[in-house]
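Trainee: Turn this into a structure:
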Amino acid sequence: MASPVRSPGRVAAPGHGGVGDSPLRPDGTLKVAGEFAYASDLWMDGMLWGATLRSPHPRALITSIDIGPALALPGVRAVLTHEDVPGRKMFGIDRTEDQPVLAVDQVRHEGEPVALVAADHPETARRAMERIAVGYEVLAPITDPRAVLADPEGLKVQDRGGITRHQPVRVGDVTAARAEADVVVSGEYEVGIQDQAFLGPESGLAVPAEDGGLDLYVSTQWIHNDLKQIAPCLGLAEDQIHMTLAGVGGAFGGREDLSMQIHAGMLALHTGRPVKMSYNRYESFFGHVHRHPAQMRYEYGATADGRLLYADVEIVLDGGAYTSSTMNVTGNAASLGVGPYEIPNIRIDAYGVYTNNPPCGAMRGFGAVQACFAYESMMDRLAAACGLDPVEIRRRNAVTQGSRLATGQVIDSPAPLAEMLTRLEAMPMPPPLDASDLRNLPGGVAQTTHGEGVVRGVGYGVGIKNICFSEGFDDYSTARVRLEVIGGEATALVHTAAAEVGQGLVTVQAQIARTELGVQKVTIDPADDRVGDAGSSSASRQSYMTGGAVKAACEAVRAELLALAARRLGRDGPDDLGVAGGKIVSRADGVLGTIEDVLRDEVVEHTREYHHRPTTALDPVTGQGSSHTQLALCVHRAVVDVDVDLGLVKVVEMAAVQDVGKIINRTGVEGQIHGGSAQGLGLALMEEIVVTDGLVRNPSFTDYLIPTILDMPPMRLDILENPDPAAPYGLRGAGEPPTLSSTPAVVAAIRDATGKALNRVPVRPEHIVRGAPWTA
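Mentor: Below you'll find the model as predicted:
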């Protein structure tokens, strides 16, 4: 079978640059020039177009489906329902296979897939979809997560009950500590549904193979996990499906769950022809999971000088209709629920619940974002009650190396939080407002103000995020590295199944190969399932895990190369040999020859798996356990100007200090901090999927707002390198931590300017104008 037009190919990583450098990204120029091949660009002669009929109701019984009118439309090649699923009818990412491929007898959320169409033209597929007649008996949707919590057996979206997971954390005696506290503060906080808002909608191409199997070209975050879910539903063995990563236009967790993969596969197998499916923006809002909305109650007690004595916390996460990643998100929220602070007495109850609201799952920050907004708001409230500066209250309670998290896990690598806060506090502040330039004002050139009613505020935020997978998951990645002479030059070929989703992993893999093998020419094979599992491009884990796998495979290749060099150069052994600048070198004798001279016609290839150190599940009663592989810290300062009369906000500047362990690629790390901060700013001020009675009210980029270049302020960065001895090169995952601390910093700055409580994000103008005052 021919490959599709604009399908992925090998990527040559041009130029020079090893670990610590910032070489140009091989995909960078193509992307900014509009020439990169994304999944939506895939094309194959003779292909059909697939479309999905989705439920208009958040909860209903299906009483009938009539596909006859759709099949009668010229150009329609297939119309499929749940009866046509060739294998297992249910799938799921997180141990619980509870999501139907196509709705069977009921729908549990708006947008749930009900039927599929394949046609010669996308417009024909759309018209056929509209002709499918589905009979519904509409039921009252279950949409209040706290009501589910109060009556989990009576308000069941799933047969197993209303609660996905309850994870308690218990440390010390909260009741006794409450009696000893000089200061007690409490608050209720809410986080709305944030969307990943990746720019490239879900898309892919399914091609029937001559052996009865299937070739899939899809934009995903985790090839092998997709494969494990797809194969049983299509009634195929895993080795009958070949998956190749298509160009991914952003992910942020929203591509961990399946979207169109099984559907396209069903249509391709049924018709015997290639089938392309590509969502438009409206459908994309229903085609992937979102960030869990949260309702949280916090109470803190402290001594008069601001030393924390206890925390009493309840976190309720709305997972929507299906499990997805809710179990793990709930565990994260529980384990990180009080942040990077030393608290001797803790009671946390974290719940994930089912509702008929939109399904929620993985998104950058993964449960830690919601908790961070609450615990940082509480730290500001406590500072006010104790008469302390918001930075000082955090310094006094900051964890350090040797401290324990709420779960009892010891922080066994550098955690210089107090130093980070001091460095952040010392950063220069932006200049005062220049109201003569309208672009500097809230509302901008709309001329809503000329400076009157504008008040400046400053706020701080701290976040701690786990890196890699947690709670006993055997997290690993696989890499194959091949070294040979091509065109007279030693060339390394790196092959992994790790998804490049825009984070720069292709560049990092090449940097590691150059560093470990001493060659400059590196080629990255397309990510596919012809090599072992690389895990998900999530949890800020790929530089750690796939970077570790590439490093290990390169070390094995280098060892064999040096042994070959010792034999060919007549030396006793390879112990004093190394590689540098394309040469074989000896500590005693200097340069001995080139890598090309040693390799000649030899090919050296090794495959290695890299596993991080083991973790443990949280105890289901006490919440104790060393559940995380690695922890990363980021602190933010936000400066805002607020028009207190209209409730408009302009973020003037954001400053961040983040410890990344080891900078592998400075430009890449800076980009991650900027990008994470932008998503945190979006959650603070504008991003929310608005849901009423289970129905999404704003499924478009017209009504779902994300920060633009006009909203994102200048940033000051201070990037620290305190190596983690357990990680490759000592690095720490960098992508998620800035997403945590940026949101509470922005909201704290608005509170500072307005004096309003602002216990919900995103903050809207009416919250500022009509909101309740901030009280301690």
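Trainee: Quick check: what element follows the strand or helix carrying Ala549 along the chain?
Mentor: According to DSSP states H and E, Ala549 maps onto helix 542-568. Sequence order places strand 577-580 as the next helix or strand after helix 542-568, per DSSP H and E.
Trainee: what does that next one contact?
Mentor: Residues from elsewhere that reach strand 577-580, judged by CB atoms under 8 Å, 6 or more residues apart in numbering: 517-519, 558, 561-562, 565-566, 571, 584-587, 592, 595. All C-beta spots, glycine's among them, are computed from the backbone N, C-alpha and C.
Trainee: Now the two most distant members of those residues.
Mentor: Within these, Val519 and Arg571 form the most distant pair, 21.1 Å apart (CB to CB).
Trainee: Which one of the two is surrounded by more residues?
Mentor: Val519 (20 against 17; other CB atoms under 10 Å).
Trainee: Please report the distance of the more buried one from Gly581.
Mentor: In this view, Val519 and Gly581 are 9 Å apart by CB to CB, to the nearest Å.
Trainee: Weed out the non-buried ones from the contacts of strand 577-580.
Mentor: 517-519, 558, 561-562, 565-566, 571, 584-586, 592, 595 (16 or more other CB atoms under 10 Å).
Trainee: Show me which of those residues is closest to Asp380.
Mentor: Among the buried ones among the contacts of strand 577-580, and counting by CB to CB, the member closest to Asp380 is Leu517, at 50.1 Å.
Trainee: which residues does the closest one contact?
Mentor: Val481, Leu483, Ala490, Ala492, Cys554, Val557, Arg558, Leu561, Val579, Ile595.
Trainee: What helices and strands are in contact with the helix holding Ala549?
Mentor: strand 476-486, strand 489-495, helix 505-517, strand 577-580, helix 595-599, strand 604-611 (3 or more CB pairs under 8 Å, 6 or more residues apart in numbering; DSSP states H and E).
Trainee: what's the closest of the ones you listed to Ala406?
Mentor: Of all the helices and strands packed on helix 542-568, strand 604-611 comes closest under CB to CB, at 26.2 Å.
Trainee: which other helices and strands contact the helix or strand following the closest one?
Mentor: Downstream of strand 604-611, the first helix or strand assigned by DSSP H and E is strand 630-643. For strand 630-643, the packing partners by 3+ CB pairs under 8 Å, 6+ apart come out as helix 417-426, strand 454-467, strand 648-659, helix 666-685, helix 737-754.
Trainee: same thing but 6 Å
Mentor: helix 417-426, strand 454-467, strand 648-659, helix 737-754 (3 or more CB pairs under 6 Å, 6 or more residues apart in numbering; DSSP states H and E).
Trainee: that older thread, arrange the helices and strands packed on helix 542-568 in TSV, one row each, with distance to Leu695 as further columns.
Mentor: Formatted as TSV, the helices and strands packed on helix 542-568 follow (distance: least, CB to CB, whole Å):
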stretch	distance to Leu695
strand 476-486	40
strand 489-495	45
helix 505-517	38
strand 577-580	61
helix 595-599	63
strand 604-611	45
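Trainee: If I look at Gly15, what pLDDT would I see?
Mentor: pLDDT recorded at Gly15 is 59.
Trainee: distance of the residue of the chain most remote from its centre from Gly593?
Mentor: Distance to the chain centre peaks in the chain at Gly570, reaching 51.7 Å (criterion: CA atoms, centre = their mean). For Gly570, the distance to Gly593 equals 12 Å [CB to CB].
Trainee: How about Asn225?
Mentor: 45 Å.
Trainee: Counting neighbours, go ahead and name the busier of the two.
Mentor: Applying other CB under 10 Å to Asn225 and Gly593 shows that Asn225 carries more neighbours, namely 18 against 13.
Trainee: hang on, the more buried one in a helix?
Mentor: Yes. According to DSSP: H, G, I helix; E, B strand; the rest coil, Asn225 belongs to a helix.
Trainee: Quick check: it vs Val19, distance?
Mentor: Counting by CB to CB - Asn225 and Val19 are separated by 28 Å.
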